[in-house]
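*Asks:* whatever this is, show me its structure:
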Amino acid sequence: MKATAQRESHLSTNRPPRPEYGAPEVNIFETKDGYVLEAEMPGVSKDGLEVTLEGTELTIVGRRRSEPLPGEPLFRECSPADYRRVFELDPAIDTAKVSAKVEQGILTLTLPKSERVKPRKISVD
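*Replies:* Below is the predicted model:
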């Protein structure tokens, strides 16, 4: 599975600027049945998530709620940027069975392997 972080760019000065995206940090695990991808997206709820699959390209976008701050921050380490990350999936993944859940800012995607690539026992006559 290949991963690329993409940033939106300004196409021209006549258009309003697009929001800048940060790449969420991910962990990818292989299991006997497929893969599990965990993406850290603090501040993103279920309503702010968009997971799309086009061919073998998986895109995750997380939008944070933009609540007004009570004043001008004195110190800021957290970026207000939304998240975006694109992955090129292995063709052996059964894209019809991909599932997603989010809990406490962690998006978990389950990417099952296709039955045709799983090991199987062949009976001998």
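
*Asks:* low pLDDT regions in this protein?
*Replies:* Judged by pLDDT under 70, the chain has its weakly predicted residues at 1-19, 66, 117-119.

*Asks:* where do the strands sit along it?
*Replies:* Secondary structure of the chain (DSSP state E): strands located at 2-4, 21-22, 25-30, 34-40, 49-54, 57-62, 82-88, 99-103, 106-112.

*Asks:* just checking: what are the partner strands of the fourth one?
*Replies:* I take that to be strand 34-40. For strand 34-40, the paired strands and their directions (DSSP bridges) are strand 25-30 (antiparallel), strand 106-112 (antiparallel).

*Asks:* the shortest one too?
*Replies:* Using DSSP bridges, the strands paired with strand 21-22 in its sheet are strand 82-88 (parallel).

*Asks:* can you give me the angle the strand it pairs with makes with strand 49-54?
*Replies:* Put simply, strand 82-88 runs at 20 degrees to strand 49-54, going by axes from the mean of the first three to the mean of the last three CA atoms, to 10 degrees.

*Asks:* just how off-centre is strand 82-88 within its chain?
*Replies:* Relative to its parent chain, strand 82-88 has a centroid offset of 5 Å by CA atoms, centre = their mean, to the nearest Å.
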